[in-house]
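K.L.:
All I have is the shape, not the residue letters:
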């Protein structure tokens with residue numbers, strides 16, 4: 001099977017996507033680009049390879065150029081909406097877009113600890129589903145979705161199933177890495193501190209779910225995003241390589 005030249009992982013914030021990207025970097029067989037769209041939206045510019053992009057369109061062009069020369073993986077989060085991406089049907093079709101999910105109450109609790117002024121939309125599940133639906137509409141196929149609970153509970157089986165689904169080799173040695181803060185994380189280092197202390201996929205103690213459910217505002221946020229999570233979970237890849245096709 002021919003490997004995809006460009007592979008993307010989309011995630012609501014605090015859904016363990018950085019750990020997955022750390023594994024992809026450990027593989028060493030793709031250029032890994034960290035959050036090009038959220039960084040250009042938040043900070044006004046982002047370095048992609050040897051270029052500096054200052055707009056969504058420039059980020060899209062830079063990713064296309066890298067993929068034309070070498071395999072690339074990028075991951076990004078949906079604390080922002082990306083109209084340029086959503087309007088670019090050629091990019092939506094050409095890239096293999098994949099998605100990772102986490103239970104919204106857990107993601108909200110983790111996000112709120114770092115950003116107490118957290119707003120509803122930046123939690124990101126609605127925007128995540130919007131990208132998923134756009135990719136599915138353009139390609140006519142259901143994108144690959146993985147559940148981060150599976151990634152923590154059965155990392156080898158989940159990553160193996162993911163690799164099989166997207167057409168890349170499974171490299172078991174990439175499931176472990178040396179702890180440390182990577183250079184591409186420096187701009188937003190406080191958001192990646194927990195991953196920098198890991199040596200593989202692991203579950204943190206305590207989820208904070210109780211605090212979300214007891215807070216009327218955070219609970220309302222969770223209720224808003226839960227249906228989008230459920231839609232994505234309904235088609236999530238199982239660690240045995242099959243896809244769920246109904247709500248559970």
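P.N.:
Sure thing, it's come through. What you see is a predicted model, and the numbers here were worked out from it, not measured in a lab.

K.L.:
For the worst-scoring helix or strand of the chain on mean pLDDT, which outside residues touch it?
P.N.:
Sorted by mean pLDDT, DSSP states H and E, the helices and strands of the chain end with helix 193-196, the least confident at a mean of 81. With Cβ atoms under 8 Å, 6 or more residues apart in numbering as the test, helix 193-196 has contacts from 18, 19, 22, 179, 180, 181, 182, 185, 189, 204. For every residue, glycine as well, the C-beta is placed using N, CA and C.

K.L.:
Inside helices: which ones of these?
P.N.:
With DSSP state H as the criterion, helices contain 18, 19, 22 from among those.

K.L.:
now those residues in a markdown table, with neighbour count, distance to residue 96 and pLDDT?
P.N.:
As requested, those are exported to a markdown table (neighbours: other Cβ atoms under 10 Å; distance: Cβ to Cβ, whole Å; pLDDT from 0 to 100):
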| residue | neighbour count | distance to residue 96 | pLDDT |
| --- | --- | --- | --- |
| 18 | 25 | 19 | 93 |
| 19 | 21 | 20 | 94 |
| 22 | 24 | 19 | 94 |
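
K.L.:
ok, so of the residues you listed, who is nearest residue 115?
P.N.:
Of all these, residue 115 sits closest to residue 18, with 15.8 Å by Cβ to Cβ.

K.L.:
Excluding chain neighbours, what is closest to residue 128?
P.N.:
residue 78 (4.6 Å; Cβ to Cβ, 6 or more residues apart in numbering).

K.L.:
what packs against whichever strand or helix holds residue 66?
P.N.:
Using DSSP states H and E, residue 66 sits within helix 56-69. Here helix 56-69 touches strand 6-11, strand 31-34, helix 36-43, strand 46-48, strand 51-53, strand 72-77, helix 83-87, helix 89-94, going by 3 or more Cβ pairs under 8 Å, 6 or more residues apart in numbering; DSSP states H and E.
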